[in-house]
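**Q** Structure for the following, please:
(chains A and B)
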Amino acid sequence: DAGVTQSPTHLIKTRGQQVTLRCSPKSGHDTVSWYQQALGQGPQFIFQYYEEEERQRGNFPDRFSGHQFPNYSSELNVNALLLGDSALYLCASSYLAGGPNEQFFGPGTRLTVL
Amino acid sequence: GEDVEQSLFLSVREGDSSVINCTYTDSSSTYLYWYKQEPGAGLQLLTYIFSNMDMKQDQRLTVLLNKKDKHLSLRIADTQTGDSAIYFCAENPLTGTASKLTFGTGTRLQVTL
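**A** Coordinates of the predicted model:
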């Protein structure tokens, strides 16, 4: 089992650009959540996808959008990048019906906005 | 409201026990979690505890939950240098729903020889 994978590992963009980050969940998982982790902080919830729909959303602007595909993989898109969007973006997968809601994280994508 | 607090730093000697503390605010949380993050890496789920339990032990890890005080702790027995990392506690704030996790700011554990 490859676990949760994310691509790319690192990314450098300039202000105003758009970015797409990708995530493949752990085998058997049907739910993908995205988190933003700024330097020195804990992860902050962006949104969660299940059955190709956004199921829950955190306090992030509409510039942050996502998608889930039939194979459960997911993308995070950020438009009109700001310097403050520089962070580690983490994807976590889980099985919705699983009681403990164990979320397994990928290694993250480090986004730098210049 | 949702707020999870942790102390920022803990230093222990190799072989000693480490105790990392966390307080949370959402009394509806059904599960509480401990994650470990090594430099430049994602988060590794260490263990979790269901809210109707007081204690859970898993090898060198012991989780204690005081629901009345909304206090969670993680004890690592026989701490090793490989345990040096940032430890996050997290709560699942919506009852019965697999949903977002709310994380603390993390406690950096430094293990010295």
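
**Q** Just the buried residues of stretch B:23-40, please?
**A** B:Thr23, B:Tyr24, B:Asp26, B:Ser29, B:Thr30, B:Tyr31, B:Leu32, B:Tyr33, B:Trp34, B:Tyr35, B:Lys36, B:Gln37 (16 or more other Cβ atoms under 10 Å in any protein chain shown). Where you see a C-beta, it was placed from the backbone N, CA and C, and this is true even at glycine.

**Q** And for stretch A:55-74?
**A** So for stretch A:55-74, counting by 16+ other Cβ under 10 Å, buried means A:Arg55, A:Gln56, A:Gly58, A:Phe60, A:Phe64, A:Ser65, A:Gly66, A:Gln68, A:Tyr72, A:Ser73, A:Ser74.

**Q** again with stretch B:86-95
**A** Buried residues in stretch B:86-95, counting neighbours by 16+ other Cβ under 10 Å, are found at B:Ile86, B:Tyr87, B:Phe88, B:Cys89, B:Ala90, B:Glu91, B:Asn92, B:Pro93, B:Leu94.

**Q** Pick out the lowest-pLDDT one from those residues.
**A** The member of the buried residues of stretch B:86-95 with the lowest pLDDT is B:Leu94, at 62.

**Q** separation between B:Val111 and chain A?
**A** When distance is defined by Cβ to the nearest Cβ, to the nearest Å, B:Val111 is 20 Å away from chain A.

**Q** Show the pLDDT at that residue.
**A** pLDDT for B:Val111: 97.

**Q** ditto for A:Gln56
**A** So, for A:Gln56, pLDDT stands at 88.

**Q** That one - nearest residue in space that isn't next to it in sequence?
**A** Nearest residue to A:Gln56 in three dimensions, chain neighbours excluded: A:Gln48, at 4.6 Å (Cβ to Cβ, 6 or more residues apart in numbering or on different chains).

**Q** Quick one: name the residues of chain A near chain B.
**A** Proximity of chain A to chain B is confined to A:4, A:31, A:33, A:35, A:40-45, A:48, A:55-56, A:58, A:90, A:92, A:94-98, A:100-108 under the rule Cβ under 8 Å from any Cβ of the partner chain.

**Q** Show me how far stretch B:86-94 is from its chain's centre.
**A** Distance of stretch B:86-94 from its chain centroid, counting by Cα atoms, centre = their mean, to the nearest Å, is 7 Å.

**Q** Quick one: residues in contact with it.
**A** Outside stretch B:86-94, the residues that touch it by Cβ atoms under 8 Å, 6 or more residues apart in numbering or on different chains are A:42-43, A:101, B:2, B:4, B:6, B:20, B:22, B:24, B:26, B:28-38, B:43, B:46, B:72, B:74, B:98-104, B:106-109.

**Q** And stretch B:7-20, by the same measure?
**A** For stretch B:7-20, contacts defined as Cβ under 8 Å, 6+ apart pick out B:6, B:21, B:34, B:73-81, B:83, B:87, B:89, B:105-113.

**Q** follow-up on the earlier one: could you redo the buried residues of stretch B:86-95 as TSV and give each row distance to B:Arg60?
**A** Converted to TSV, the buried residues of stretch B:86-95 look like this (distance: Cβ to Cβ, whole Å):
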residue	distance to B:Arg60
B:Ile86	18
B:Tyr87	13
B:Phe88	18
B:Cys89	17
B:Ala90	20
B:Glu91	23
B:Asn92	24
B:Pro93	28
B:Leu94	31
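
**Q** Having no further points to raise, I will conclude here.
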